[in-house]
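Undergrad: no sequence on this one, just coordinates:
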Ligand code: SF4
């Protein structure tokens, strides 16, 4: 399972990096940056799922 981000949709509300700071960080404008390359580990999956589900812009996804 991988995390994908759509920076075109991201409005920089910051929920993702508040909820999953191991998976996401902010760039200089507060927009999402992905910290994890490739498949996400099992122990981070719950955290990542929570952030994906709480992004108000639907800018994040988990994909197989
Ligand atoms: S929660 Fe969504 S809109 Fe907010 S910073 Fe993260 S990706 Fe961007």
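TA: Good, I have the coordinates. Quick caveat: nothing in here was measured; it's all calculated off a predicted structure. Numbering: from 1, shown residues only.
Undergrad: State the distance from the nearest residue to residue 49 once chain neighbours are set aside to the ligand.
TA: Take residue 49 and drop its neighbours on the chain: the residue closest to it by CB to CB, 6 or more residues apart in numbering is residue 62, 6.4 Å away. For the C-beta atoms, the positions are set from N, CA and C on the backbone; glycine is no exception. To the ligand, residue 62 is 13 Å away according to CB to the nearest ligand atom, to the nearest Å.
Undergrad: Residue numbers of this protein in contact with the ligand?
TA: 10-16, 31-32, 55, 57, 59-60 (CB under 6 Å from any ligand atom).
Undergrad: For PyMOL, write the select line for the buried members of those.
TA: This is the PyMOL syntax for the buried subset of the residues of the chain next to the ligand, where burial follows 16 or more other CB atoms under 10 Å:
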select buried, resi 10+13+15+16+31+32+55+59+60
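Undergrad: Which one of the residues of the chain next to the ligand is nearest to residue 45?
TA: Nearest to residue 45 among these is residue 60, at 13.2 Å by CB to CB.
Undergrad: okay but the closest one is in contact with residue 7, surely?
TA: No - look at residue 60 against residue 7 with CB atoms under 8 Å: they stay out of range, at 10.5 Å.
Undergrad: any residues in contact with both of these two?
TA: residue 32 (CB atoms under 8 Å, 6 or more residues apart in numbering).
Undergrad: Any chance you could list what contacts stretch 8-15?
TA: 26, 29-32, 51, 54-59.
Undergrad: if I look at the residue sitting furthest away from the middle of the chain, how far off is residue 46?
TA: In the chain, the residue that sits farthest from the middle, by CA atoms, centre = their mean, is residue 28; the gap is 16.1 Å. Distance of residue 28 to residue 46, given as CB to CB, to the nearest Å: 29 Å.
Undergrad: Tell me where the protein has helices.
TA: 15-19, 42-54 (DSSP state H).
Undergrad: Of these, flag the one that's most buried.
TA: helix 15-19 (a mean of 19; mean count of other CB atoms under 10 Å).
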